[in-house]
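K.L.:
Generate coordinates for the sequence data below:
(chains A and B)
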Amino acid sequence: MKDLMCFTAVEFVNDPNVVGQTYWYLCPFTDIKEGTDVVAPLGRRNGEQVGVVRKVEFADEFSAPYPVAYIKKIKRVLGETVKNSSFRIVKKRSLNSTVTLMDIYAPLVARKAEAGQFIILRVGEDGERIPLTVAGYNRRVGTVRIIFQIVGGTTMLLNAMNAGDCLADFVGPLGCATNTDGLKKVCIIGGGVGCAIALPIAEKLHKSGCEVHTIIGFRNKDLLILEDEFAACSDKLTVMTDDGSYGSRGLVTAPLKEAIEQGENYDEVIAIGPLIMMKFVVAVTKPYGVKTTVSMNPIMIDGTGMCGGCRLTVGGKIKFACVDGPDFNGFEVDFDEAMARSNAYAEFERRSREENCNLLKKAVE
Amino acid sequence: MAINPKKHEMPVQNAKERAKNFKEVALGYTEALAVAEANRCLNCKYSPCVKGCPVNIAIPDFITKIKQNDFEGAYEIISQSSSLPAVCGRVCPQETQCESKCTLGVKFEPVAIGRLERFAADWHNAHFKGEVVLPQQNGRKVAVVGSGPSGLACAGDLAKAGYKVTVFEALHLAGGVLVYGIPEFRLPKEIVKKEVETLKKYGVDIQTNIVIGKTFTVDELFKDGYEAVFIGSGAGLPKFMGIKGEGLKGVYSANEFLTRANLMKAYQSNAQTPIMHAKNVAVVGGGNVAMDAARTALRLGAENVYIIYRRSMEELPARKEEVEHAMEEGVKFEVLRNPVEILGYDNPEDNHDIKNGFVCGLKVIKCQLGESDEKGRRKPVEIAGSEYILDIDCVIMSIGTSPNPLIKNTTKGLEVNSHGGIIVTDGGAKTSKEAVFAGGDAVTGAATVILAMGAGKTAAKEIDDYLRQKV
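P.N.:
Numbers count the residues shown, from 1 in each chain, chains lettered A, B, ... in the order given. This is a model prediction of the structure:
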């Protein structure tokens, strides 16, 4: 962890106004040394200038000793010291056997990201573009958190990368942020890896003074993630497992139904998880007329409103998750169609996963 | 000397062979063919061809250079007016532009201007070794949103006028529709890459992976010191017909199908992005994009590819050359047909049947041509009771797009029309917002590469005028 980010003091030797002074920059490249020529932004007005690194200090992401508020990123290092992109993985942690957390250095995305939005990444050149919902961000150090489940070839490759490696592309934030305005009492429902997306929304609501009841569900105890994090931002937390190996046995819909029947007056229920879970949450809330928002994560390519691959039927009309969503009114979403469309490439994914698996095995041998 | 009444034939890959590969179809003139074709030009007094060109290339001048074997000279003349000659020589509809005005065309076939343009550009790319002379810098910053044909044309002209231009591209690769839409066999991606490299040599900075409207707003660009912004964000959301079955697996928009195949290289066997290799494909629509989708489907191994178009062959909006190429390769034209419903496979006995939810047929209805509409095109009228079902496992909707909504949703003071297209001054590029200019499909809705380039050039000129006055 220690060697993944560094702080560099840069002197702009060619600028007579500031020569002699050094400016600190957070830098994702650890191969920078004293004396390296770099290009860095000097204030807002002056644009990028060539400078020389005078001092390098390594630090982990949370101990930034210098104000970095106005500093963007060092984009290029002269002399091609950086061959990869600047989208460096600064942290990697396994949450369970199939779910991984990563913090990616992407200051331009971190600057704007809000709960509910998503990013698109490519692991390597010629890789696939995959959308992942933002699971958190740190504007100060310029990192965006993603949490993903290994489902196909690309997520498998991503999982094979380590802190210090770079991703080919990382673009965003895309889609619309979850609307939390004016909510006073909300029930958040997270299913499996969907909890990763539900967490920043719960945190945001909690911070704004909203009463947050959280129900998270998993297949079994081994797949449980983010329990402590949810506990910290929920007024009431219920954990469910399908097999009863942890928390209560059953589906997330059972405690939800119970709460509503007991007279909990939720302004809104926000459900994020597998399509089938969201479908059944809506089946519970609809008879009571409790507004229900669901987060859709269909197949996408560009993610900017061009290809139309992410289309859904919402309220009888075609909507595009990338620009109209990813949040939609759960009462209006055609879940059956979305479920059918989501497995269009299931066979391809399985093969791709196996191929990559074999590649990785060979690499290890 | 007698004039050859016909254009010199373009050497092409054999139709049977090329229908199975993604290599470029048209191979280009040799030097001898180019000079011979150039010699057909009468160099007539009024040069009507120049008026037919949206970017007003000095056509007779460059053709004269080819006659004199000065191919680099020919390229220089073209590049004064066009930032992407190798692209335009391939994808412009010359038959309705420059070549339609050619004096020779009154009696014979017109001069093959497009083929000569492509020849000059390819010759330059293959032989030019010199350095680009950097224009004198004026130190003023202009932002260009989108790296498609309008953005690149605008950026090229502004860079040549001394501005520091940054192009922001949402995708991971520069080129816009030239890389995600137009297939490799019609416009090799190497060519686009070379044209983009040339612009970079002129000082254009291209920033990929940045979505204007999301990563930065237009107003933030001004705060960052850009004095003018050109929006060439291109065509956006694909249109669908609103018929039953469009949510089935195996229904693509042409944008998605082509993006998978081109940008994400899904046609290569080792690609990480999947695409359906369907046996029987129906492409709905009759434009150039429909032809591209149909020919791509064929190359991905389809046995039958149908173009479903509601008017007749006469009204097909695609270029004649593209239609001919598609027919030679074996694309079947089901014209005077309109889709009514897409049928899906459903096995009620077995929920886990992997074919469930996939397309298994397309119900179409026969049409006849009725009265002319306000544009003078005869309206298709459905013939009641004439429906029948085509055996289809993939449907590609290619019936147009509406402009991308990201920028209009995040830019205050930018007015759009009822279709979502950015409103600009008549024949110009100025929008309702100070210092913001726009052009290409973001303004007009889906159109052609050269029209977008023309709009980019117009915008570059207006931006230059605007910034000169602002000083």
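K.L.:
Outline the domain layout of chain B.
P.N.:
The record's domain parsing of chain B by automatic domain parsing lists B:15-127, B:141-236+B:402-470, B:240-399.
K.L.:
Point out the most buried one among those.
P.N.:
Of the domains of chain B, the one with the most neighbours on average (mean count of other Cβ atoms under 10 Å in any protein chain shown) is domain B:141-236+B:402-470, at a mean of 22. C-betas here are computed from N, CA, C, even on glycine.
K.L.:
in the stretch 301-450 of chain B, what residue is nearest chain A?
P.N.:
Proximity of the stretch 301-450 of chain B to chain A (Cβ to the nearest Cβ) peaks at residue B:357, 3.8 Å away.
K.L.:
quick one on the thing from earlier: columns mean pLDDT and distance to residue A:347 on top of the domains of chain B, output as CSV?
P.N.:
Below are these laid out as CSV (pLDDT from 0 to 100; distance: least, Cβ to Cβ, whole Å):
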stretch, mean pLDDT, distance to residue A:347
domain B:15-127, 92, 24
domain B:141-236+B:402-470, 92, 25
domain B:240-399, 92, 7
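K.L.:
Looking at these, which is nearest to residue A:320?
P.N.:
domain B:141-236+B:402-470 (9.1 Å; Cβ to Cβ).
K.L.:
what's the offset of that closest one from the middle of its chain?
P.N.:
15 Å (Cα atoms, centre = their mean, to the nearest Å).
K.L.:
Next one: the nearest residue to residue B:22 once chain neighbours are set aside relative to residue B:24, how far apart?
P.N.:
Of all residues not flanking residue B:22 in the chain, residue B:184 sits nearest, at 4.6 Å (Cβ to Cβ, 6 or more residues apart in numbering or on different chains). Distance from residue B:184 to residue B:24, counting by Cβ to Cβ, to the nearest Å: 7 Å.
K.L.:
in the stretch 251-365 of chain A, what spans have low per-residue confidence?
P.N.:
The stretch 251-365 of chain A contains residues with pLDDT under 70 at A:356-365.
K.L.:
Flag every residue of it that's near chain B.
P.N.:
Residues of the stretch 251-365 of chain A lying close to chain B (Cβ under 8 Å from any Cβ of the partner chain) are A:301-302, A:304-309, A:311, A:313, A:318, A:320, A:323, A:334, A:337, A:340-341, A:344-349, A:352.
K.L.:
Can you give me every residue that contacts residue A:97?
P.N.:
Listed by Cβ atoms under 8 Å, 6 or more residues apart in numbering or on different chains, the contact partners of residue A:97 are A:222-223.
K.L.:
Domain ranges for chain A, per the record?
P.N.:
If you go by automatic domain parsing, the domain ranges for chain A are A:1-83, A:87-174, A:185-295.
K.L.:
Tally up the residues packed near residue A:33, please.
P.N.:
If you count neighbours by other Cβ atoms under 10 Å in any protein chain shown, residue A:33 ends up with 10.
K.L.:
Mind telling me what element it is part of?
P.N.:
According to DSSP states H and E, residue A:33 maps onto no helix or strand at all.
K.L.:
Identify the residues contacting it.
P.N.:
A:53, A:56.
K.L.:
Could you check how far it is from chain B?
P.N.:
In this view, residue A:33 and chain B are 27 Å apart by Cβ to the nearest Cβ, to the nearest Å.
K.L.:
If I average pLDDT within each of the domains of chain A, which one is lowest?
P.N.:
Mean pLDDT per stretch puts domain A:1-83 lowest among the domains of chain A, at a mean of 59.
K.L.:
Would you format the domains of chain A as JSON lines with distance to residue B:231 included?
P.N.:
Formatted as JSON lines, the domains of chain A follow (distance: least, Cβ to Cβ, whole Å):
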{"stretch": "domain A:1-83", "distance to residue B:231": "22"}
{"stretch": "domain A:87-174", "distance to residue B:231": "18"}
{"stretch": "domain A:185-295", "distance to residue B:231": "30"}
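K.L.:
and of these, who's closest to residue B:407?
P.N.:
In terms of Cβ to Cβ, the element of the domains of chain A nearest to residue B:407 is domain A:87-174, at 13.7 Å.
K.L.:
now that closest one: how far from the chain's centre is it?
P.N.:
Between the centre of domain A:87-174 and the centre of its chain there are 6 Å (Cα atoms, centre = their mean).
K.L.:
Can you flag the buried ones in the residues of the stretch 251-365 of chain A next to chain B?
P.N.:
The neighbour count (16 or more other Cβ atoms under 10 Å in any protein chain shown) marks A:301-302, A:304-309, A:311, A:313, A:318, A:320, A:323, A:334, A:337, A:340-341, A:344-345, A:348-349, A:352 as buried among these.
K.L.:
And the residue lying closest to residue A:157 once chain neighbours are set aside, how far from residue B:384?
P.N.:
Nearest non-adjacent residue to residue A:157, counting by Cβ to Cβ, 6+ apart: residue A:123, 4.8 Å away. Here the criterion is Cβ to Cβ. By it, residue A:123 lies 54 Å from residue B:384.
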